[in-house]
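using only what follows, build the 3D model:
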Amino acid sequence: MQNQEKKIRVAILGVGNCASSLVQGVEYYTKFSDKTSGLMADDIGGYKAADIEFVCGFDVDERKIGTPLKEAIFAKPNCTMVLNADIASEAPIYRSPVIDGVSPQMAAYPEANRFVIKDELKNTDILKDGVSYDKNEVNALREEIIAQLREHQAEVLINYLPVGSQQATEFYAEICLELGISLVNCIPVFIASDPVWEQRFIDAGIPIIGDDMRSQFGASIVSQMLQELAFERGHHVKAHIQRNVGGNTDFLNMEDKNRLKSKKISKENVIRAQNDIRGISTEDSFLHAGPSEYIAFYGDNKVANFRLELEGFMGAPVVFDAQLSVQDSPNSAGVVIDAIRYVYVARELGLVGALRGPSASTQKTPPEQMMFSDAIYECHALAKRELTASTRKQLKVAVAQAI
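Coordinates of the predicted model:
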């Protein structure tokens with residue numbers, strides 16, 4: 001049943017550009033409830049943008065900790081477009097352990113462009129100095145975070161940590177399991193798509209969505225649709241290359257190539273999945289996707305370049321070259337605003353584990369890759385609170401009977 005208050009209580013992990021656009025967007029579509037342009041779904045299971053309530057956030061940056069959300073989302077190094085400056089949320093921003101969440105190479109860049117770790121958290125940074133890394137301090141912060149999430153009665157946690165934050169993501173996934181909080185995992189640390197992690201969420205009776213958010217009209221969804229189009233029109237894909245540049249902290253973080261392995265896998269999964277679904281070998285196809293360069297001048301603008309080399313009728317060559325320029329964080333927010341509502345409706349319906357359709361629609365590496373039309377079918381059904389063959393298997397009662 002839908003809750004009586006009609007509020008989805010959301011905590012944000014990492015109050016960066018994506019969080020800024022999401023908060024701006026939720027308040028924008030709340031104030032202008034007649035505006036639906038820009039939204040993929042106005043109503044999901046009875047929930048609209050106005051039904052999302054941000055209750056708290058967690059960060060490591062001294063410019064954000066201790067401030068209300070309405071201020072933190074505009075603090076440096078955030079550089080996303082301000083499309084709605086009139087923010088009311090007083091949700092507090094609490095400190096978080098760093099763990100592996102900040103790439104050490106960021107220290108070489110100006111403070112306005114990078115994270116500035118609060119002094120009291122520097123001993124929780126395992127990448128800066130593993131010798132002085134204080135596990136006791138991290139454990140104490142863990143108890144502090146659990147108390148804060150309980151106090152604010154958070155029901156959904158959005159993971160906006162930087163790419164490569166494997167241990168930090170697992171730290172918060174464990175907290176979600178302990179507290180019964182649903183996770184929307186927007187980064188390429190594989191939780192929802194990992195069978196072992198998913199089983200733990202199933203056992204805890206919690207639905208989740210992941211992994212690695214794909215933007216509303218961004219490089220990944222464009223690559224998927226181009227790959228689908230090529231196959232549906234009878235073409236062989238000899239090469240599919242996608243390259244991205246940008247100037248926000250996400251791209252700066254990814255200048256550390258050691259943090260890019262999972263991101264590259266995740267972005268290429270989007271393209272390769274369309275071969276796998278159709279049983280088409282990739283052995284004679286060159287597939288490449290990934291970030292290529294940080295250019296501070298671009299700010300939150302991301303520029304993606306595509307090149308597809310195809311073989312058509314009788315092997316005739318077809319070459320497709322294109323460029324896409326988007327504001328990265330609003331593009332992200334347009335998807336996450338839906339993911340929050342999908343996972344919450346799933347909670348109310350008694351679904352557990354990684355949601356197949358919403359994950360395939362909103363994430364680059366879901367537990368099950370789908371064609372675009374199949375993912376949308378699952379999303380539309382959940383939005384209407386209708387069960388499908390997929391979601392029936394994820395009902396708590398069905399899972400219990402299968403054990």
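
I'd say residue 265 and residue 188 touch.
Yes. With contact defined as CB atoms under 8 Å, residue 265 counts as touching residue 188 (7.1 Å). Placement of C-beta: from N, CA and C, glycine included.

looking at the two, which is more packed in?
Set residue 265 next to residue 188 and count neighbours by other CB atoms under 10 Å: residue 188 wins out with 28 against 17.

follow-up on the earlier one: what is in contact with residue 265 and residue 188 at once?
Residues touching both residue 265 and residue 188 (CB atoms under 8 Å, 6 or more residues apart in numbering): residue 365.

how about the residue of the chain most remote from its centre, secondary structure?
Distance from the C-alpha centroid of the chain, by CA atoms, centre = their mean, peaks at residue 314 (41.6 Å). Under DSSP: H, G, I helix; E, B strand; the rest coil, the three-state class of residue 314 is helix.

how close does it get to residue 177?
56 Å (CB to CB, to the nearest Å).

isn't residue 360 right up against residue 378?
Yes. With contacts counted by CB under 8 Å, residue 360 reaches residue 378, the gap being 7.3 Å.

what is in contact with these two at once?
Residues touching both residue 360 and residue 378 (CB under 8 Å, 6+ apart): residue 370.

between the two, which one's more packed in?
More crowded of residue 360 and residue 378, by other CB under 10 Å: residue 360, with 26 against 23.

element containing the more buried one, please.
Per DSSP states H and E: residue 360 is located in helix 356-362.

ditto for residue 93
Applying DSSP H and E, one finds residue 93 within strand 93-95.

helices or strands up against that strand?
Packed against strand 93-95, as judged by 3 or more CB pairs under 8 Å, 6 or more residues apart in numbering; DSSP states H and E, are the following elements: strand 52-59, helix 135-151.

low-confidence stretches in the stretch 301-403 of the chain?
Where the stretch 301-403 of the chain drops to pLDDT under 70, the residues are 401, 403.

now the nearest residue to residue 111 once chain neighbours are set aside: how far from residue 299?
The shortest distance from residue 111 to any non-neighbouring residue, by CB to CB, 6 or more residues apart in numbering, is to residue 76 (7.2 Å). Residue 76 sits 12 Å away from residue 299, going by CB to CB.

for residue 132, same thing?
Distance of residue 132 to residue 299, computed by CB to CB: 34 Å.

more crowded one of these two?
Between residue 132 and residue 299, residue 299 has the larger neighbour count (other CB under 10 Å), namely 17 against 11.

who touches that one in this structure?
Residue 299 makes contact with 79-80, 247-248, according to CB under 8 Å, 6+ apart.

sec struct for residue 237, please.
At residue 237 the chain is in strand, as set by three-state DSSP.

how about residue 348?
Secondary structure, three-state DSSP: residue 348 is helix.

ok, residue 337 next?
Under the three-state scheme (three-state DSSP), residue 337 adopts helix.

residue 370 too?
Under the three-state scheme (three-state DSSP), residue 370 adopts coil.

neighbours around it, how many?
When neighbours are defined as other CB under 10 Å, residue 370 has 21 of them.

the closest residue to it other than its chain neighbours and residue 210: what is the separation?
Spatial nearest neighbour of residue 370, excluding adjacent residues (CB to CB, 6+ apart): residue 360 at 4.1 Å. To residue 210, residue 360 is 11 Å away according to CB to CB.

same question, residue 167
17 Å.

can I assume residue 20 sits in a helix?
Yes. Counting by three-state DSSP, residue 20 is located in a helix.

and the strands in this structure, which stretches?
8-13, 52-59, 93-95, 156-159, 182-185, 207-210, 236-246, 286-294, 301-311, 317-327, 353-354 (DSSP state E).

run the chain-centre distance for the last one.
A distance of 15 Å separates the C-alpha centroid of strand 353-354 from that of its chain, computed with CA atoms, centre = their mean, to the nearest Å.

each with direction, which strands does it pair with?
Within its sheet, and counting by DSSP bridges, strand 353-354 is paired with strand 207-210 (parallel).

quick revisit: what sits against the residue nearest to residue 370?
366, 368-370, 374-375, 378.

if we go to 7 Å?
For residue 360, the contact set (CB atoms under 7 Å, 6 or more residues apart in numbering) comprises 366, 368-370, 375.

from those, which single one is nearest residue 273?
The nearest member of those to residue 273, counting by CB to CB, is residue 369 at 3.5 Å.

chain neighbours aside, what residue packs nearest to that closest one?
Distance criterion CB to CB, 6+ apart; nearest residue to residue 369, sequence neighbours excluded, is residue 273 at 3.5 Å.

right, and the one you found touches residue 368 too?
No. Look at residue 273 against residue 368 with CB atoms under 7 Å: they stay out of range, at 9.4 Å.

the two - which one has more neighbours?
residue 273 (20 against 17).

confidence score at that one?
pLDDT for residue 273: 95.
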